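*Asks:* Requesting a structural model of the entry that follows:
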Amino acid sequence: MLHNVSDLDLRLLRIFATVVRCGGFSAAQSELGMGQSTISTHIASLETRLGYRLCERGKSGFRLTEKGRRVLDHSQVLFSALGDFRDQVQSLAGRLVGELSIGLADNIATLPEARIHEALARFCARDQDVRLHLSIGSSTELERQMLGGELNLAVACFSRQLPNLRYQPLYSERVAVFCGQSHPLFDREELTQADLEACAWVQYGYAQADVQLPADPRRSTALASNMEAVIHAVRAGTHLGYLPTHYAQRWVEQGAMRTLLADQLGYGISHSLVVRDDMGHNQALQALAEDLCAVHGAPLPERT
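*Replies:* Below you'll find the model as predicted:
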C-alpha cells in the first residue's frame, strides 16, 4: 500500500496519466520515449505500490478500472497543486513559468488583422520559461475545452458569451459565398439569392448553430469539419460554401473560385480572446493575455 508519496511515485503517476491520455501503452511510446514493455513495467510497479489494478490491457484493448479512473482524477488534482506551488515559488523571482494551453481557430494565418504571431513573439521576449501548447479547434470545441479547464486561453469567433468566461474582441474578418470554376454559376453575370439557395451547399461548423446566415440553402448535401474540407467541395464545382475571404483569396486570384453576391450575402465576424473568470495567480496567462490585447489594440477582457 502507498503510505508515502515519493518522487518515484509522482513519476509513475505521470506515466500513468500519459498512457491514459494517449489511449494505451503502444500509443504512449513516442511521447514517453520508452518502449511498451518498459511502460508496462512502470504501470505494474504503480499498481503494486497502490495495491490494486488500474487498467485492463490485452487483446480487448486498454481500459481503465473504476479505481483507475479515481486515481487519474486524484492525480490531476495533485499535478495541478504541484504546478501551482511551482509557479508561485518561481514567480517570486519575477520569472514567468509553467505551461499554457492555447486554442485557436483554424486558417487565420492568412488574415492580416490576426497578429497572433506578434503576440507570441512579444511573450517569448519576456523573462519566461513557459511551455506553450498550441491547438486548433472549432469555436464549440474551444468553448468546451475552456470550460473543462483543458485550455487556458482561446482566440476564435464566438457567437455567444457563456458564464464563467471573459471575452474581448481582437479582430474581425469577412465571410462570403464561393463557387468553383466548374460550377454552373461561375460564369453567370446575373444572379439572385434564390439561384444560390437552390444549389447544393457544403456546410461547416464555422457558422455557429445559433447564427442566421444571410443565405438559406435548401440543399445541404455535404458537411465539413474544417475550412480546408469546404475548399475541396467548393473547388470540385459541385457545392457552394461560406469561407473567409482572406482564406479563399489565393484561389480567387488563380481563377479557380469566385465570390457570389458578396455585398448581399457576405458578412463580418469578430474573433475574441477568451479566458476563464478564475485566472487566479497565473502570471504567465495574464502576461500572454496582455500581449494579445496589446498587439491588437484592445483592452483586457473584463470580468463578467
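*Asks:* shouldn't residue 227 be in contact with residue 242?
*Replies:* No. Between residue 227 and residue 242 there is no contact under CB atoms under 8 Å: 9.5 Å. Glycine gets a C-beta too; all of them are placed from N, C-alpha and C.
*Asks:* Assess the claim that residue 290 and residue 298 are in contact.
*Replies:* No. Counting by CB under 8 Å, residue 290 does not reach residue 298; the two are 10.4 Å apart.
*Asks:* so which helix or strand takes in residue 241?
*Replies:* strand 241-244 (DSSP states H and E).
*Asks:* Contacts for that strand, please.
*Replies:* Residues outside strand 241-244 that contact it (CB atoms under 8 Å, 6 or more residues apart in numbering) are 107, 111, 173-178, 201-204, 206-207, 213, 215, 224, 227, 230-231, 233-234.
*Asks:* List the strands paired with it, with their directions.
*Replies:* strand 165-180 (antiparallel) (DSSP bridges).
*Asks:* which of the residues in the partner strand are buried?
*Replies:* Buried residues in strand 165-180, counted by 16 or more other CB atoms under 10 Å: 165-168, 170-171, 173, 175-180.
*Asks:* Likewise for stretch 145-159?
*Replies:* By neighbour count on 16+ other CB under 10 Å, the buried set for stretch 145-159 is 145, 146, 151, 152, 153, 154, 155, 156, 157, 158.
*Asks:* ditto for stretch 53-69
*Replies:* Applying a neighbour-count criterion of 16+ other CB under 10 Å, one finds 54, 55, 57, 62, 64, 68 buried in stretch 53-69.
*Asks:* then it to CSV, C-alphas only?
*Replies:* Taking Å, rounded to 0.1, in the frame of the first residue of the first chain, the C-alpha atoms of stretch 53-69 are listed here in CSV:
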residue,chain,number,x,y,z
ARG,A,53,-5.3,-2.8,-10.6
LEU,A,54,-5.5,0.5,-12.5
CYS,A,55,-6.3,-0.8,-16.0
GLU,A,56,-7.1,-3.8,-18.1
ARG,A,57,-4.8,-4.4,-21.1
GLY,A,58,-4.7,-7.2,-23.6
LYS,A,59,-6.3,-8.3,-26.8
SER,A,60,-9.5,-6.4,-25.9
GLY,A,61,-7.6,-3.2,-25.7
PHE,A,62,-6.8,-0.7,-23.0
ARG,A,63,-9.5,0.2,-20.4
LEU,A,64,-9.4,1.9,-17.0
THR,A,65,-10.8,0.2,-14.0
GLU,A,66,-13.1,2.2,-11.7
LYS,A,67,-10.2,2.6,-9.3
GLY,A,68,-8.0,3.6,-12.2
ARG,A,69,-10.4,6.4,-13.1
